[in-house]
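Peer 1: Sequence first, predicted coordinates after that:
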Amino acid sequence: MPKKYELTGEWKMVKGVQVYRIKALRDIGNVKTGEEGGFIESEDNLSQFGHAWVGRTAIVMDCAYIRGNAIVERTIIKDSVLVQGNTVLIGPKILGGNKIYGDF
């Protein structure tokens, strides 16, 4: 299956970590081809499968990973956090070894 997103040339530093804006290469759920998302440190933070997405106002870094159909918005997710399933996460910082999943 072809990639669903790519890292753009836009980047910024967050707490000493360089993160890159993502852009959809195909329609992903409600996200349309060409739509820009939030920032990730590398492709190790967001699955290329499913409908998982990092919204425009979110940052995912360190060993955090978003997969399945999870959507994150208006948050910073870092350290060893896993967000998966049909989760929609909007809100404050999520740190540590948390696992967030399910049908919310």
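Peer 2: Arrived safely, thanks for sending.
Peer 1: quick one: contacts for the residue nearest the centre of the chain?
Peer 2: Centroid-nearest residue in the chain: V54, 3.2 Å away (criterion: C-alpha atoms, centre = their mean). Shown in contact with V54 (C-beta atoms under 8 Å, 6 or more residues apart in numbering): 22, 37-40, 45-46, 60, 66, 72. For every residue, glycine as well, the C-beta is placed using N, CA and C.
Peer 1: Kindly present those as a markdown table, with separate columns for neighbour count, pLDDT and secondary structure.
Peer 2: Compiled in a markdown table, these are given as follows (neighbours: other C-beta atoms under 10 Å; pLDDT from 0 to 100; DSSP: H, G, I helix; E, B strand; the rest coil):
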| residue | neighbour count | pLDDT | secondary structure |
| --- | --- | --- | --- |
| I22 | 26 | 98 | strand |
| G37 | 24 | 98 | strand |
| G38 | 23 | 98 | strand |
| F39 | 26 | 98 | strand |
| I40 | 24 | 98 | strand |
| N45 | 23 | 98 | helix |
| L46 | 25 | 98 | strand |
| V60 | 27 | 97 | strand |
| I66 | 26 | 97 | strand |
| V72 | 29 | 95 | strand |
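Peer 1: ok, R21 to L82 distance?
Peer 2: For R21, the distance to L82 equals 22 Å [C-beta to C-beta, to the nearest Å].
Peer 1: no, scratch that, I was asking about I94
Peer 2: For I94, the distance to L82 - C-beta to C-beta - is 10 Å.
Peer 1: Common neighbours of these two, please.
Peer 2: Joint contacts of I94 and L82 (C-beta under 8 Å, 6+ apart) are 64, 100.
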